[in-house]
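J.: okay, here's the prediction I keep looking at, along with the sequence it came from:
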Amino acid sequence: MGQERRHFPRIREPFTIQYRRSGEVASSWSRVTVSNLSAGGLHFRCADEPLETGALLQIQVALPEFHEPMTLKALVVWNQVHASGVTEVGVEFQHLDIKQQLVIDRLVGFLKQSV
């Protein structure tokens, strides 16, 4: 196998997010279950449409302590389309501000403790 390239450890505790392509404000949000999460990105499977490498996404994460979901920018860094039509997608968070990074770090910590 190849050398591990991740900068952050992954947490494999599933939870639900919503995503849509960045810039498509009129498009509806697609709901997916995250397979794993780190401070730098996440992995999920989608069946709605294949997401090509380089696609920019908006991701909404609903967190219990906030009234509104947090919206993050993400870049599709890899994908794998299966014969079933399901696409596995790996995204990297982009341009997080300090507050967003702290919230993601807190979520990773919370999920790590619940495993």
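T.: Noted; the coordinates are in hand.
J.: state the pLDDT value of the residue most central in space within the chain.
T.: Residue closest to the mean C-alpha point of the chain, counted by CA atoms, centre = their mean, is L42 at 3.9 Å. Reported pLDDT at L42 in the predicted model: 92.
J.: surely it is in contact with V91?
T.: Yes. With contact defined as CB atoms under 8 Å, L42 counts as touching V91 (5.9 Å). Yep, even glycine has a C-beta here, placed from its N, CA and C like the rest.
J.: identify the contacts common to these two.
T.: Residues touching both L42 and V91 (CB atoms under 8 Å, 6 or more residues apart in numbering): 59, 74.
J.: pull the number of nearby residues for G41.
T.: Applying other CB atoms under 10 Å, we find 23 residues neighbouring G41.
J.: show me the beta-bridge partners of it.
T.: Beta bridges link G41 to E92, judged by DSSP bridges.
J.: distance of it relative to G90?
T.: Distance of G41 to G90, given as CB to CB, to the nearest Å: 7 Å.
J.: overlap in contacts, those two.
T.: V77.
J.: can you give me the strands for this structure?
T.: Secondary structure of the chain, counting by DSSP state E: strands at 15-21, 30-37, 41-46, 56-61, 70-81, 87-94.
J.: for the nearest residue to the residue nearest to the centre of the chain once chain neighbours are set aside, the count of nearby residues, please.
T.: Spatial nearest neighbour of L42, excluding adjacent residues (CB to CB, 6 or more residues apart in numbering): V34 at 5.1 Å. Neighbour count of V34, defined by other CB under 10 Å: 21.
J.: who's in contact with V34?
T.: Shown in contact with V34 (CB under 8 Å, 6+ apart): 14-17, 42-44.
J.: quick one: buried ones out of the residues you listed?
T.: Among the contacts of V34, those classed as buried by 16 or more other CB atoms under 10 Å are 17, 42-44.
J.: what about R106, distance to L72?
T.: Using CB to CB, R106 is found at 14 Å from L72.
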